[in-house]
Structure formats: C-alpha cells, structure tokens
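[1] this one's sequence-less:
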C-alpha cells in the first residue's frame, strides 16, 4: 500500500499539471481557432492513455460499470465542463485567474464532500480549525494571485 507521502506527491504532481493543462489547451484552442476542437483533441489523447492503462491493469472491471449507479458516471461530465470552461476562459481571463477560481471551487466542494461523506468519501466533519485552514488556503491562493 502506498504511503501518505506517495499519495501527497502524486496529488501534488496532479495539481501541478492542472494549470499546465489549462495553459496548453487554451493555447491550442487559440492556435487552431476552436476551444471545442482543442478539448476534443485533449480528450482523444486522454482516452488513448486511459485505454493503454486499463489494458495494462486489466479491463475486466469495465464490465461492472454497467451496474454502477448512473450518477457515478457524472465525473466525465464535470471534467468535460472543466476542460471546455478553462479552454474558453483562460485566454481572456488569464490562466492564473482561471485556476484561482478553480482552486476556490475545489476547496469549497471538497469541504462539503468530506463533511457529509458524499459519494463514499471518508467522513471528515468541517470543524472550526478545518474551516479556518480552508479560509487561510483560499486567502493564500488569493494573495499569491494578487502579488
């Protein structure tokens, strides 16, 4: 089982990748003149990599998706919305501004998901200390963006 450090480093790398993804896809959308086409290209590349990964790790679990609650499949809609939104917005609003609001939204929704244990997440009630910590994180992101 991976360590907490391995999990933290993996998620740090994912976090580093989000603004890079936003900048690259926004630039691609501008270069080819279509944010929607840029998003389609991004998803084609992502699908190809995912197919390779599922072939390496075993495709049998894919059959179980047919029986999964349908609302659990909405993650794809959320990622499509994110990619399309950032690809449209970032060229005009700025990657930093776009990601600031993405991070703020992530802090809010993560706190709600953890507080209620939604979607099978580990229950982590929103205490006063946690609320202050989230507020400080949001303030830090805001201050870093305004610097």
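    Received it, and whenever you're ready, just let me know what you need. Small disclaimer: the values here were computed from a predicted structure and weren't measured. Residues are numbered from 1 along each chain as shown.
[2] which positions within stretch 78-86 qualify as buried?
    With burial defined by 16 or more other Cβ atoms under 10 Å, the residues of stretch 78-86 counted as buried are 82, 83, 84, 85, 86. Where C-beta positions appear, they are placed from N, C-alpha and C, glycine not excepted.
[3] equivalent analysis for stretch 131-145, please.
    If you call a residue buried by 16+ other Cβ under 10 Å, then stretch 131-145 has these buried ones: 134, 141.
[4] mean confidence for stretch 123-135?
    Taken as a whole, stretch 123-135 has an average pLDDT of 92.
[5] so what touches it?
    Residues outside stretch 123-135 that contact it (Cβ atoms under 8 Å, 6 or more residues apart in numbering): 107, 111, 114, 115, 116, 117.
[6] residues contacting the second one?
    Read that as residue 111. Contact analysis of residue 111 by Cβ under 8 Å, 6+ apart lists 126, 130, 131, 134.
[7] just give me how far whichever strand or helix holds residue 23 sits from the chain centre.
    In the assignment (DSSP states H and E), residue 23 maps to helix 4-32. Chain-centre distance of helix 4-32: 9 Å, with Cα atoms, centre = their mean, to the nearest Å.
[8] and it, what does it pack onto?
    In terms of contacts (3 or more Cβ pairs under 8 Å, 6 or more residues apart in numbering; DSSP states H and E), helix 4-32 is packed against helix 35-57, helix 75-93, helix 95-116.
[9] columns distance to residue 64 and mean pLDDT on top of those, output as JSON lines?
    Output for the helices and strands packed on helix 4-32, formatted as JSON lines (distance: least, Cβ to Cβ, whole Å; pLDDT from 0 to 100):
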{"stretch": "helix 35-57", "distance to residue 64": "13", "mean pLDDT": "96"}
{"stretch": "helix 75-93", "distance to residue 64": "16", "mean pLDDT": "94"}
{"stretch": "helix 95-116", "distance to residue 64": "23", "mean pLDDT": "91"}
